[in-house]
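Colleague: structure for this input, please:
(one chain, ligands or ions: 1)
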Amino acid sequence: MAPLWPVVAAAEGQSARIMELSEAGLPKAQVEAMTKRETDRYIQSNPISQQLGEDARANWIKGVPHHWMLDWSTPFPLFVADAMGATLTDADGHAYDDFCLGDTGSMFGHSPEPVARAIAAQASHGLTYMLPTEDIIAVGRLLEQMFGLPQWQVTTTATDANRFVIRWCRAITKRTKVLVFHGAYHGAVDDTFVRLKNGKAIHRPGLIGQVYDLTTHTKVVEFNDVAALEAALKDRDVACVITEPALTNIGMVLPQPGFLDALQDLCRKTETLLVIDETHTISTGYGGYTRTHNLKPDFLTLGKPVAGGLPTAVFGCTAEIAARMRVAEQEAGSGYSGMGTTLSANALQFKAMRANLEHVMTPAAYDHMLPLSEKLARGIEAEIRKRDIPWHVSNVGARAEFVCAPERPRNGTEAQAAMHGPVELALHLYLLNRGLLIAPFHNMTLVSPVTTPAQVERLVATIGQCLDELAA
Ligand code: PMP
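Modeller: Numbers count the residues shown, from 1 in each chain. Below you'll find the model as predicted:
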């Protein structure tokens, strides 16, 4: 089977540039040779996944039920047979230490026992009724306790939570515009698919079927740029700023000291609502970045791990915002709100979410995750330093990211420039072939409450070996 990744094909025609250094500070030839070697090794080691991949093409567009399953470094998808805790087993019987954890959906471990038990218990009592159950009382209290916000709604994905919150912000403020930071990702939310190019807002490249101009209603500025933010908010036409407290979908961009304070001040001053998307930064600690750093958003959204991996998301707001929502609703009059999906807030989601919030996503879980992730981040950093490779590591609690550039990026443009697809491809494949999964999109690792120190040590040591081979 022909490898699908373009770098493999490119490797064959580039022997003349063999000694050229790649941008990430490693010899290009080594990177390309490793990619070729590891691609071959993957193909040889995974005949069952390969066959399943072939069979899947009969009925699934591109051979997968969702296109991003092709975003891994592998020439065909790795089929999963089982996952439990922080370990995943593939169809060919290989076991993996899982540091991807479903890109956060399973960041508290695969099938946490209390969640699995709750799902099994609810399974024979009806799954969705379009009516509430007693569990909503407990879950509401748990969410308030965790995030300090009193009023909540449930959706099925973080995408929906963000989309609905944007609607509410527009209705409340009677302003049409939304502001996002360059390089942000908040799910498949049309309003957020805007990027900066040479100081101008443009559509995010590659959008399918996008027929109207998103830049009419969305402003975009660089993260950590207070002056640009101030200029963008000064006309008081922005309903809300939606952001993660640290950007985690373009490598990792940490807020510079004072930036989040300035953001909150500017929002308050211009009566712009602030939406904090905690879907990834829930890794920071109990109650997410918001609680840990005492942020005061108007809305908070959280998806992915909130029900232990069952599709569920929530959005919460202050009492003041809830009151303004009631006014906006009266003003809109009777009819259809433009929000709501049939399966949202079903009984099964609530059973899973209650078990997860009561027994899994607890302060004790973070007591395990945070020091272990710190150990992982510092371990990778030491491996990089030992070999004098110009990379660095950032982390927000249980989430760590090694970035193939010397300086911490201050914004989305710098973060984008720090991405080195060919190096990341080789490294990801090397790790995967040795039973270690990290997130496919960049170099992100997650540590769960059941990840062990031995798993962390193995990942650190294997990254070291990989760097030895790459830098040789
Ligand atoms: N917010 C953030 C910060 C995310 O990273 C993502 C997905 N990666 C989402 C929202 C959307 O989540 P979902 O795809 O589950 O809707």
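Colleague: after the helix or strand hosting Ala116, next one along is what?
Modeller: Taking DSSP states H and E as the criterion, Ala116 maps to helix 113-123. With elements assigned by DSSP H and E, the helix or strand that comes after helix 113-123 is helix 135-147.
Colleague: now do the helix or strand that that following helix is followed by and helix 135-147, the angle between them.
Modeller: Note on helix 135-147: by DSSP H and E, the next helix or strand toward the C-terminus is strand 151-155. With axes from the mean of the first three to the mean of the last three C-alpha atoms, to 10 degrees applied, the angle from strand 151-155 to helix 135-147 works out at 110 degrees.
Colleague: neighbouring strands - and their directions - for strand 151-155?
Modeller: strand 313-317 (antiparallel) (DSSP bridges).
Colleague: off-centre distance for the strand it pairs with?
Modeller: 17 Å (C-alpha atoms, centre = their mean, to the nearest Å).
Colleague: count of neighbours near the residue in the chain that the ligand sits nearest to?
Modeller: Nearest residue of the chain to the ligand: Gly187, at 2.9 Å (C-beta to the nearest ligand atom). Quick note: C-beta positions are derived from backbone N, CA and C, even for glycine. Neighbourhood size, Gly187 [other C-beta atoms under 10 Å]: 19.
Colleague: all numbers from here: first residue = 41
Modeller: Sounds good: first residue 41 from here, last item Gly227.
Colleague: helix or strand: which one has it?
Modeller: Per DSSP H and E, there is no helix or strand for Gly227.
Colleague: who touches the closest residue to it other than its chain neighbours in this structure?
Modeller: Once flanking residues are discounted, Gly227 sits nearest to Thr199: 3.0 Å by C-beta to C-beta, 6 or more residues apart in numbering. Contacts for Thr199 (C-beta atoms under 8 Å, 6 or more residues apart in numbering) come out as 226-229, 343, 353.
Colleague: show the model's pLDDT score for Thr199.
Modeller: In the predicted model, Thr199 carries a pLDDT score of 98.
Colleague: and the nearest residue to Glu414 once chain neighbours are set aside, backbone torsions?
Modeller: Leaving out its chain neighbours, the residue that sits closest to Glu414 by C-beta to C-beta, 6+ apart is Asn435, at 7.0 Å. Dihedral pair for Asn435: phi -150, psi 150, per degrees, to the nearest 10.
Colleague: what residues are bridge-paired with Asn435?
Modeller: Where Asn435 sits in a bridge, its partners, by DSSP bridges, are Ala440.
Colleague: what sits against it?
Modeller: Asn435 touches 292, 413-414, 417, 441, counting by C-beta under 8 Å, 6+ apart.
Colleague: before we move on, what about Gly328?
Modeller: Gly328 neighbours (C-beta under 8 Å, 6+ apart): 187, 316, 318, 321-322, 340, 342.
Colleague: please name every helix or strand in contact with the helix holding Ala156.
Modeller: Where contact means 3 or more C-beta pairs under 8 Å, 6 or more residues apart in numbering; DSSP states H and E, helix 153-163 is packed against helix 387-395.
Colleague: check whether the helix it packs on contacts the ligand.
Modeller: No - judged by C-beta under 6 Å from any ligand atom, helix 387-395 and the ligand are separated, with a smallest distance of 13.4 Å.
Colleague: what about that helix, distance to the chain center?
Modeller: With C-alpha atoms, centre = their mean, you get 22 Å for helix 387-395.
Colleague: between that helix and strand 353-357, how big is the angle?
Modeller: 70 degrees.
Colleague: what's the mean pLDDT across helix 387-395?
Modeller: What helix 387-395 shows for mean pLDDT is 98.
Colleague: what's next to it, contact-wise?
Modeller: For helix 387-395, using C-beta under 8 Å, 6+ apart, the contacting residues are 152, 154-155, 157-159, 161-163, 165-169, 173, 175-176, 178-179, 182, 194, 196, 346-348, 350-352, 354.
Colleague: mark which of the residues you listed are buried, thanks.
Modeller: 152, 154-155, 158-159, 162, 173, 175-176, 179, 182, 194, 196, 346-348, 350-352, 354 (16 or more other C-beta atoms under 10 Å).
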